[in-house]
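Visitor: Return a 3D structure for these sequence lines:
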Amino acid sequence: MTDQSSDLRETVRQRYAAAALQVTEGGTACCGPAAIEVDANFGSALYADGERDVLPAEAVAASLGCGNPTVVADLQEGERVLDLGSGGGIDVLLSARRVGPTGRAYGLDMTEEMLALALANRKKAGAANVEFLKGAIEAIPLPADTIDVVISNCVINLSTDKAAVFAETFRVLRPGGRIGVSDVVADDALTPGQRAERGSYVGCIAGALSFAEYRRGLEAAGFTDIGITPTHAVADGMHSAVIRAVKPGNGGGAGGRS
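Guide: Numbers count the residues shown, from 1 in each chain. Just a heads-up that it's a prediction; the model follows:
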């Protein structure tokens with residue numbers, strides 16, 4: 001990792017550590033935690049009332065994403081799902097409800113403070129089929145061919161080595177497994193410099209791939225059936241997008257596993 005990449009990762013870690021502490025400290029106040037994101041393009045406003053209402057307030061308040069990947073991924077009973085950059089755990093807890101007691105939901109995060117918040121939220125939610133792991137999304141601490149679905153919510157754009165993220169995602173998915181990701185994607189005409197002019201790296205803008213770059217990255221990792229669909233604008237020429245792709249092979253969901 002270059003010094004610049006190391007510095008960017010540390011900046012991202014500090015930003016999300018501070019966000020977790022903000023929620024944790026807010027949860028001890030009389031009125032409960034306030035949402036970190038107030039922009040309609042990011043955060044808990046992108047979830048339905050019925051989803052927010054069944055989760056701990058701290059999990060909802062810590063939401064920093066640009067979409068709702070649990071809906072994108074079309075999760076099924078009994079599946080094993082992994083959330084890259086799970087933060088306070090909102091998508092993991094929602095995934096756990098969707099896959100049910102015969103399924104399992106994993107969350108992966110590099111930030112100690114977010115992991116502590118997520119573990120507290122798991123306990124409050126009484127989610128027995130949830131496990132949170134510490135690690136980097138560029139080096140997923142799970143065996144190959146063990147996950148049915150990988151989700152992520154506005155986190156891949158924060159990585160300084162997206163090729164490694166795509167390769168690791170491909171590795172841990174079982175043959176026939178799929179991804180359902182929400183992420184920020186740039187118009188193909190925008191240069192990296194122009195993306196940086198529209199927002200910061202930690203703000204999920206400067207590090208975003210273009211539509212063509214995202215597709216090429218997934219193809220290089222081995223994915224097929226790639227679809228990248230913009231959902232709403234987050235800056236000029238920058239979009240929240242739904243990304244779907246499949247790891248080739250046999251199998252058709254939880255029922256296809258041996």
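
Visitor: Residue 126 and residue 103: what is the separation?
Guide: In this view, residue 126 and residue 103 are 16 Å apart by C-beta to C-beta, to the nearest Å. In short, each C-beta sits where N, CA and C put it, glycine included.

Visitor: what about the two, which has more around it?
Guide: Counted by other C-beta atoms under 10 Å, residue 126 and residue 103 do not tie: residue 103 has more neighbours, with 21 against 8.

Visitor: quick one: secondary structure of the nearest residue in space to residue 158 that is not next to it in sequence?
Guide: Leaving aside its chain neighbours, residue 158 sits nearest to residue 12 (5.1 Å; criterion: C-beta to C-beta, 6 or more residues apart in numbering). In three-state terms, and counting by DSSP: H, G, I helix; E, B strand; the rest coil, residue 12 is helix.

Visitor: Same check on residue 83?
Guide: Secondary structure, three-state DSSP: residue 83 is strand.

Visitor: contacting residues around residue 239?
Guide: By C-beta atoms under 8 Å, 6 or more residues apart in numbering, the residues touching residue 239 are 184, 185, 186, 187, 230, 231, 232, 233.

Visitor: ok, of the residues you listed, which one's closest to residue 145?
Guide: Proximity of the contacts of residue 239 to residue 145 (C-beta to C-beta) peaks at residue 185, which lies at 28.0 Å.

Visitor: Summarise which helices and strands the helix or strand where that closest one lies is packed against.
Guide: Assessed by DSSP states H and E, residue 185 sits inside strand 173-186. Packed against strand 173-186 by the contact rule (3 or more C-beta pairs under 8 Å, 6 or more residues apart in numbering; DSSP states H and E) you find helix 69-72, strand 147-153, strand 209-210, helix 211-221, strand 224-235, strand 238-246.
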